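**Student:** mind looking at a prediction? Sequence and model below.
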Amino acid sequence: MSTFPDGIRFSVLDRSRTREGEDAPQALRATVDLAREVEALGYHRFWVSEHHGVPGVAGAAPTVLAAAVAAATSAVRVGTGGVMLPNHRPMVVAEQFGVLESLFPGRIDMGVGRSVGFTDGVRRALGRDKDEVDRFAEQLAELLGWFTGEQTAHPQVHAHPAEGLRVPPFVLATGEGAAIAASSGLPLVIGDLRSRERLLAAVDTYRAGFRPSPWAAEPYVVVAGTVAVAATEAEARRLLVPEAWSLAYSRTRGVFPPLDAPERIETLSMTGKQRDFYEAGLRGHVHGTEEQVAAALAEAVEETGAQEVLVTTSTYDRAALSASYRGLARAVGLTPRA
């Protein structure tokens, strides 16, 4: 197995993907079950995501789901990857994380991103538009100010129980978002591992522009990407098939469907455009045997100087998903929790 620098952390992001024939409640309960498994395997964090109006994704309310995960676990850190700040009022986000930190002190992470709703219809339903992303730096500063008591947008108002609490913030970003994380003095979560040149450029931008803050004295980089582990490289690649087809379908039909079984997907008659998107969706992800994946991740950590790796895997077979995380834990040398 490859050797990683001392102190390197490995964490998991789960998107609460539904499977064909499965409803949203089943997917959400499966996320909580996976969190327990991840905790036992020795992963550092377990994060959940935010998606609105997407049929194949059940995780529409990440802070609510994070509360369920935290209640079902006891040691793994729990957070969001992330709350999309342009979709929300900063005070409300601060209050939600204040409640989480109050209930589960010392275990909550506040990951925030700058994406807006997936479609025009979703954005209208949320009362937001694409221009909201341009206010991310302003919204982020206000959000942090609700915790420190230093926000100036509403000087007569205080966010309880957030004010005075220390909930570690993370910025999920690329490009301009990396520069915002740097100027704000916050840890950066950046992906994906497939676009190595762009990834390295954004990390360089972040480190060069980083300004120490009360939240972080020095740069902290979390690299994120899809990782699949199986007994053979071919088996690991098959784990990627359901998500690749789901992405291809969404790009050509405008609907993000539940994950389907690889054996059914491989018999489909795809259009040329669908085939192109599908093949693109399979390329570049970290996948293979335990030894192959460990070597690939060690290379990524060395190139980026990252302090942490955040992995996500979406596949149809939940048993294979669990096995992939077990294999990865072995590959990178995690110590199981008793």
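**Tutor:** Cool, the structure landed. Here the structure is a predicted model, which is why all the values come from computation and not from measurement. Numbers count the residues shown, from 1 in each chain.

**Student:** where are the low-confidence patches of the stretch 101-250 of the chain?
**Tutor:** Within the stretch 101-250 of the chain, the stretches with pLDDT under 70 are 117-119, 131-133.

**Student:** which stretches in it count as strands?
**Tutor:** 108-113, 169-172, 188-190, 221-229 (DSSP state E, counting those that start in this stretch).

**Student:** give me whichever of those is most buried.
**Tutor:** Counting by mean count of other Cβ atoms under 10 Å, strand 188-190 has the highest mean neighbour count of the strands of the stretch 101-250 of the chain, with a mean of 29. The way it works is simple: take the backbone N, C-alpha and C, and place the C-beta from them, glycine included.

**Student:** report the buried residues of the helix or strand where residue 299 lies.
**Tutor:** Here residue 299, judged by DSSP states H and E, is contained in helix 290-304. Buried residues in helix 290-304, counted by 16 or more other Cβ atoms under 10 Å: 290, 292, 293, 294, 295, 296, 297, 298, 300, 301, 304.

**Student:** dump the residues you listed to CSV, plus pLDDT and distance to residue 151.
**Tutor:** Formatted as CSV, the buried residues of helix 290-304 follow (pLDDT from 0 to 100; distance: Cβ to Cβ, whole Å):
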residue, pLDDT, distance to residue 151
290, 98, 47
292, 98, 48
293, 98, 43
294, 98, 44
295, 97, 46
296, 97, 42
297, 97, 39
298, 97, 42
300, 95, 37
301, 96, 36
304, 95, 33
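
**Student:** got the CA coordinates for the helix holding residue 299 in PDB?
**Tutor:** In PDB, the C-alpha atoms belonging to helix 290-304 read as follows (Å, rounded to 0.1, in the frame of the first residue of the first chain):
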ATOM      1  CA  GLU A 290      -7.000  -1.200  -3.200                       C
ATOM      2  CA  GLU A 291      -3.400  -0.900  -4.400                       C
ATOM      3  CA  GLN A 292      -4.200   1.100  -7.500                       C
ATOM      4  CA  VAL A 293      -6.500   3.500  -5.700                       C
ATOM      5  CA  ALA A 294      -4.000   4.000  -2.800                       C
ATOM      6  CA  ALA A 295      -1.300   4.800  -5.400                       C
ATOM      7  CA  ALA A 296      -3.500   7.300  -7.300                       C
ATOM      8  CA  LEU A 297      -4.700   9.100  -4.200                       C
ATOM      9  CA  ALA A 298      -1.100   9.300  -2.800                       C
ATOM     10  CA  GLU A 299      -0.100  10.900  -6.100                       C
ATOM     11  CA  ALA A 300      -2.900  13.400  -5.800                       C
ATOM     12  CA  VAL A 301      -2.000  14.300  -2.300                       C
ATOM     13  CA  GLU A 302       1.600  14.800  -3.200                       C
ATOM     14  CA  GLU A 303       0.800  17.000  -6.200                       C
ATOM     15  CA  THR A 304      -1.700  19.200  -4.300                       C
END
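
**Student:** send me the helix or strand that that helix is followed by as CSV with only the CA atoms.
**Tutor:** Next helix or strand after helix 290-304 toward the C-terminus (DSSP H and E): strand 308-312. C-alpha atoms of strand 308-312 as CSV (Å, rounded to 0.1, in the frame of the first residue of the first chain):
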residue,chain,number,x,y,z
GLU,A,308,-7.5,15.8,3.5
VAL,A,309,-9.3,13.8,0.8
LEU,A,310,-13.1,13.8,0.5
VAL,A,311,-14.4,10.9,-1.4
THR,A,312,-17.8,10.2,-2.9
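
**Student:** surely residue 290 meets residue 327?
**Tutor:** Yes - the pair formed by residue 290 and residue 327 meets the contact definition of Cβ atoms under 8 Å, at 5.0 Å.

**Student:** give me the common contacts of those two.
**Tutor:** residue 229 (Cβ atoms under 8 Å, 6 or more residues apart in numbering).

**Student:** buried set for the helix or strand that residue 93 is a member of?
**Tutor:** Assessed by DSSP H and E, residue 93 sits inside helix 90-103. Judged by neighbour count using 16+ other Cβ under 10 Å, the buried positions of helix 90-103 are 90, 91, 93, 94, 95, 96, 97, 98, 99, 100, 101.
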